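1. Predicted coordinates and the sequence they were generated for:
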Amino acid sequence: MGLSVGDVAAAILVGGGLASATVGVLLRARGRSETLAELLELVGGEQDIPVTAVTESPASPPVSRVTARLGDLLGRLDTRGSLEKRLARADIPLRPGEYLFLAGLASVLTGLVAGFVTGSVLVGIPVAVVIAYGARLYVVRRARNRREALRAQLPDAFSLIAAAVSSGHTFLRSIQLLREQISAPLAGELDRVVAEVMLGSNLIDALERMAARTEIEELRWAVQAVRIQQTTGGQLAELLHTLAGFMRAREDVHREVVVLTAEGRFSGWILMALPFFVALVLRVTAPSYLDPLFRGWGFAWLGLCAVLLGMGYFVIRRLVEIEV
């Protein structure tokens with residue numbers, strides 16, 4: 001099924017309109033961030049700040065208003081707030097509606113390009129679906145990588161805090177000293193903890209919210225241990241050293257499990273990619289060989305193959321993912 005000139009023109013117009021809307025959203029967000037940064041960097045009495053800059057939002061162009069409305073409408077799809085939590089864990093500075101809008105835009109444009117290049121809608125639709133799933137997988141994988149990076153930083157962080165406490169600093173001051181020496185992503189989380197304390201929150205409560213936000217079980221246990229120590233008394237530095245040793249031992253076991261299951265994960269990716277690779281080779285070497293799959297009962301066989309591939313991926317994933 002080929003695409004006509006009208007279809008191509010419509011695709012270009014739609015893609016151009018969506019791209020313009022996306023640029024409007026990003027420019028608006030960048031302008032607001034620059035304005036807030038300028039206001040925060042001003043020293044008291046240095047310059048008069050207009051009232052409208054603080055109390056009123058600047059007039060936005062029609063494109064920005066349309067994209068903001070689309071973002072709000074799409075954001076309502078996240079009724080349970082799961083996407084919002086994933087974006088926060090992945091440290092992606094976008095609201096759920098904005099991310100869904102950008103993911104949908106990329107999916108539609110990629111599908112249109114694939115359909116135009118191949119001259120078949122049957123190719124464009126699966127490509128669009130794959131891109132949409134890839135957008136979801138990107139958030140999950142980035143959040144997982146960030147969580148693993150945080151987990152790897154925790155043992156050294158607790159050791160440094162324990163050393164600072166032993167030298168006479170308070171627990172909060174030790175965290176502030178740690179913030180000056182440690183890198184991202186733990187640095188950003190500690191910045192948020194210190195900011196919450198400066199705004200009047202309890203330090204242990206702020207650390208508990210950090211543990212819940214990052215979903216690191218070891219950190220949750222450590223915060224509970226520190227809370228008990230603050231209630232019953234005892235040597236905080238010794239407790240922190242013990243927690244650091246426990247986290248190092250747990251991290252060693254986790255890395256060993258990752259190494260032992262690496263072969264299974266690699267085999268799973270090979271088995272999943274093999275049918276697509278064979279299909280691509282056959283399409284290049286013998287273009288008409290796979291034609292029966294794209295008519296009549298061929299679609300049913302393709303659907304059955306997709307179901308079996310999904311089941312195989314699920315089984316392999318359950319076998320190689322071992323929680324430590």
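-> Nice, I can see it.
2. Show me what secondary structure element comes after the strand or helix carrying residue 105.
-> Element membership for residue 105, per DSSP states H and E: helix 96-118. Of the helices and strands lying after helix 96-118 in sequence (DSSP H and E), the nearest is helix 121-166.
3. what sits up against the helix or strand just after that following helix?
-> Downstream of helix 121-166, the next assigned helix or strand under DSSP H and E is helix 171-181. Helix 171-181 has contacts (C-beta atoms under 8 Å, 6 or more residues apart in numbering) with 157, 160-161, 164-165, 169, 187, 190-191, 193-194, 197, 203, 226, 236. To be clear about C-beta, it is placed using only N, CA and C from the backbone, and glycine gets the same treatment.
4. How about stretch 183-190?
-> Stretch 183-190 is contacted by residues 91, 146, 149-150, 153-154, 157, 175, 178-179, 182, 210, 213-214 when judged by C-beta under 8 Å, 6+ apart.
5. how about the residues you listed in a markdown table, adding distance to residue 317 and neighbour count?
-> Output for the contacts of stretch 183-190, formatted as a markdown table (distance: C-beta to C-beta, whole Å; neighbours: other C-beta atoms under 10 Å):
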| residue | distance to residue 317 | neighbour count |
| --- | --- | --- |
| 91 | 25 | 13 |
| 146 | 20 | 19 |
| 149 | 22 | 13 |
| 150 | 23 | 22 |
| 153 | 27 | 19 |
| 154 | 26 | 21 |
| 157 | 31 | 22 |
| 175 | 37 | 22 |
| 178 | 36 | 21 |
| 179 | 37 | 17 |
| 182 | 33 | 16 |
| 210 | 29 | 20 |
| 213 | 25 | 14 |
| 214 | 23 | 21 |
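6. Name all residues that make contact with residue 89.
-> Contacts of residue 89 by C-beta under 8 Å, 6+ apart are 143, 146, 147, 213, 214, 215.
7. Among the contacts of helix 171-181, name the buried ones.
-> Neighbour-count burial (16 or more other C-beta atoms under 10 Å) is assigned, among the contacts of helix 171-181, to 157, 160, 161, 164, 165, 190, 193, 194, 197, 203, 226, 236.
8. Surely the last one is in contact with residue 226?
-> Yes - between residue 236 and residue 226 there is a contact under C-beta atoms under 8 Å: 7.4 Å.
9. orientation of the stretch of helix or strand residue 237 belongs to relative to helix 171-181 in degrees?
-> Residue 237 is part of helix 236-260, with elements assigned from DSSP H and E. Angle of helix 236-260 versus helix 171-181, following axes from the mean of the first three to the mean of the last three C-alpha atoms, to 10 degrees, is 40 degrees.
10. Okay, now the unreliable bits of the stretch 151-300 of the chain?
-> Judged by pLDDT under 70, the stretch 151-300 of the chain has no weakly predicted residues.
11. shouldn't residue 229 be in contact with residue 239?
-> Yes - using C-beta under 8 Å as the test, residue 229 is close enough to residue 239 to be in contact (5.3 Å).
12. Any chance of a markdown table for the contacts of stretch 183-190, columns distance to residue 114?
-> Formatted as a markdown table, the contacts of stretch 183-190 follow (distance: C-beta to C-beta, whole Å):
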| residue | distance to residue 114 |
| --- | --- |
| 91 | 31 |
| 146 | 31 |
| 149 | 34 |
| 150 | 37 |
| 153 | 41 |
| 154 | 43 |
| 157 | 46 |
| 175 | 50 |
| 178 | 49 |
| 179 | 46 |
| 182 | 44 |
| 210 | 42 |
| 213 | 38 |
| 214 | 37 |
